[in-house]
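J.: Next input, structure requested:
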Amino acid sequence: NHKFKIAMVHKADYTKKWNMYFDAYNGDYFKNKNLPDYRSDMVSNYIFAIIETIRPIMLDNDPKFQAMPRQAEGMQLANDLQEALSYEWDREKVNRKLYRELINTLVIGSSIFFVPWNSEKKNIEAVPVNPFNIFPDPLATTIDDSEYIIYASYYNVDVLKRLYPKKKDRLSGSSINYTELVYENDKNSNVNNQVLVLEVYTRDYESVDSKGKLKYPNGRVIALCPELGIVLEDKENPYKDGKFPFIIFKDYDIPGKFWGEGEVTQLLSPQKHMNDLNNAIIDNAKTTANVPWIVDKNSGIGKGAITARPGLIIRKNPGSEVRREQPPSMPLYVANAVETYKSDIEMISGIHNTIRGENSSGVYTAQGILALQEAGQVRIRLKVKLLEESLAEMAELWVSRMKQYWRDDKWINITKQDGSYDLKKFRKQTLDY
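T.: Take a look at the predicted model:
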């Protein structure tokens, strides 16, 4: 619990920024709820457009796990393993999960997958984890060099009683104290039935003899309810590879930092100022189209008698004044500044018109347009490389789970070249090589 508090304090700045970045992606960050009715509050959300332009391009190549042999003799075994990995990829619907989690990757810079063995279903799983619920060792720069990683979440007390029947007499639900650990739509549901649970994956250097033999050579897993003072379970890390079962996907991998950076970090400021100027232009247009009237009290014109109706005839008392005030025109530099901010956003993000399929002036041939699109995707290709590296790490964990838990031969579905399906027996000894 003490480590959790330290990690939470260390992560507090990230949590605050991440909430702001998601509001920017949704457009809520730019809406001013305290504005009077006559003021404009339009949002042209380029941040949303840029992220939703990048997301499909990153998955254009239809990513999969790939098994490559180290030697020529292993080619057939690699093909067998490839079929098993493709079957696992489709069974777990990794493509769909990856597409959804790319929003986290691009908005806040990081997304997390948990890769456990489900002993009830007898399957390996790829479980997307909310980055808000992960608390790494504050000194960690990667998952591999973390001394511990804590997954904090709220569980319904009835679920915990079912999972841990020996502890049910001591389990009791209460309200949610850490709202950042639950999704927005869950914050007000069953708030009196929740229990905070910390699942801790940690290194443990306790030795059992004078030779330094470790009691937990693969690490340790502890599940506890800190607010109730209950340890639910305390055991050795069940995975023989000794790795923490988490994979992190990053948008920009910053040296020396555990968490990545997303697109919104650099785009938030120009997007905000561009919206402010756009609304100023709209307000000026409204004022120019319906400029105010100045009417003397003794003009004889009643309140509300002057409207915006075309061809309106106004009768007033002699000697009084009725005139319309002419507002100053909007300075040219305002409209120019909006275009400058648009250009800045494109330059910062690396997403230009050609990537969106819009024609570039002076380029009309198909070859020229393809060359521009290819050059414009340089930044996205780097993101794809980072994505592929993380998928490779996930595949290593996957094969490690297969080696440990696939005890017998297994029937898998394979897709033939003509698109039909067939069953094939995957031999357990393939994994020995």
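J.: can you pull the pLDDT of the nearest residue to residue 237 once chain neighbours are set aside?
T.: The shortest distance from residue 237 to any non-neighbouring residue, by Cβ to Cβ, 6 or more residues apart in numbering, is to residue 219 (3.8 Å). Bear in mind the C-beta positions are built from the backbone N, C-alpha and C, glycine included. Predicted confidence (pLDDT) for residue 219: 93.
J.: Can you mark which positions in the longest helix seen in the chain are buried?
T.: Counting residues, the longest helix found in the chain (DSSP state H) is helix 378-405. By neighbour count with 16 or more other Cβ atoms under 10 Å, helix 378-405 contains the buried residues 380, 383-384, 386-387, 390-391, 393-395, 397-402, 405.
J.: now do stretch 334-347
T.: 337, 338, 341, 344, 345, 346.
J.: Relative to residue 141, how far out is the closest residue to residue 63 other than its chain neighbours?
T.: Nearest non-adjacent residue to residue 63, counting by Cβ to Cβ, 6+ apart: residue 391, 5.9 Å away. Counting by Cβ to Cβ, to the nearest Å, the separation of residue 391 from residue 141 is 20 Å.
J.: and what of residue 347?
T.: From residue 347 to residue 141 the distance is 29 Å (Cβ to Cβ).
J.: same deal with residue 22?
T.: In terms of Cβ to Cβ, residue 22 sits 25 Å off from residue 141.
J.: Of the two, give the one with the bigger neighbour count.
T.: Using other Cβ atoms under 10 Å as the criterion, residue 22 and residue 141 rank with residue 22 on top: 18 against 15.
J.: ok now do residue 115, which residues does it touch?
T.: By Cβ atoms under 8 Å, 6 or more residues apart in numbering, the residues touching residue 115 are 124, 125, 126, 127, 245, 246, 247, 394, 397, 398, 401.
J.: Same list (the residues you listed) but as a markdown table, adding distance to residue 49 and pLDDT.
T.: As requested, the contacts of residue 115 are exported to a markdown table (distance: Cβ to Cβ, whole Å; pLDDT from 0 to 100):
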| residue | distance to residue 49 | pLDDT |
| --- | --- | --- |
| 124 | 37 | 96 |
| 125 | 34 | 96 |
| 126 | 29 | 96 |
| 127 | 30 | 96 |
| 245 | 36 | 96 |
| 246 | 31 | 97 |
| 247 | 29 | 97 |
| 394 | 29 | 96 |
| 397 | 35 | 96 |
| 398 | 35 | 96 |
| 401 | 39 | 96 |
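J.: And those residues, which is closest to residue 233?
T.: Nearest to residue 233 among the contacts of residue 115 is residue 245, at 15.7 Å by Cβ to Cβ.
J.: Now the closest one: phi and psi?
T.: phi -80, psi 50 (degrees, to the nearest 10).
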